[in-house]
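[1] Dropping a prediction and its sequence here:
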Amino acid sequence: MEKKQVEDLFRKHYRRMYAMALSILCDEQEAKDVVSDIFTHLLADDSYLLPDNSQHYLLTSARNNSLKRLHRQATVSHAHREYMERQLLILDPEQDERLLEKVFDFANRELTAQEQIVFRQRFMEGKSYGEIAHDMGISKVAVWKHLSHLKDKVHKQFKTI
């Protein structure tokens, strides 16, 4: 759209769009950002709004973009909450060391020879999938399968910890 058209739409619809976004987000800055993003998109896009449909389109965009932003915020908040819960579960350094020893002992006892190599190279040496695949002469997909399988084994063994 042309800048002049976007400016006219902005002047005409900004307040309603802002009110819509604010009613959903309950945050003035977030609401302003949502509306601003919509107009930025209109400037960058080659779309054309029919005068009869512009209000409906812009209000719907404000509503949908606000809901998307809420969803993203909830997802980030959930991930942050899970991270904090895991951090609370972190034991003191001695207990962490004992747990690591248990995991390594389990790996030596229960994993196949190839899984042990993959485990050691990935988690002890910090090698990438590509480096492990090259060293072992297998594909990256095979490395991924080994890691997935051994992760399931370790998780199953230590899920109560």
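    Alright, I've got the coordinates.
[2] helix or strand right after the top helix by length along the chain?
    Using DSSP state H to define each element, the chain has its longest helix at helix 54-89. Downstream of helix 54-89, the next assigned helix or strand under DSSP states H and E is helix 93-110.
[3] what helices or strands is that following helix leaning on?
    Where contact means 3 or more CB pairs under 8 Å, 6 or more residues apart in numbering; DSSP states H and E, helix 93-110 is packed against helix 113-119, helix 140-158. (C-beta placed from N, C-alpha, C; glycine too.)
[4] What residues of the longest one count as buried?
    Burial within helix 140-158, assessed by neighbour count using 16 or more other CB atoms under 10 Å, is assigned to 142-143, 146-147, 150, 153-154.
[5] Then stretch 121-137?
    Neighbour-count burial for stretch 121-137, counted by 16+ other CB under 10 Å, picks out 121-123, 127, 129, 132-133.
[6] can you tell me which of the buried residues of helix 140-158 lies nearest to V35?
    Closest approach to V35 among these (CB to CB): L147, at 44.9 Å.
[7] got a list of what the closest one touches?
    118, 122, 129 (CB atoms under 8 Å, 6 or more residues apart in numbering).
[8] Surely R69 touches V34?
    Yes - counting by CB atoms under 8 Å, R69 does reach V34; the two are 6.0 Å apart.
[9] neighbour count winner among those two?
    V34 (26 against 19; other CB atoms under 10 Å).
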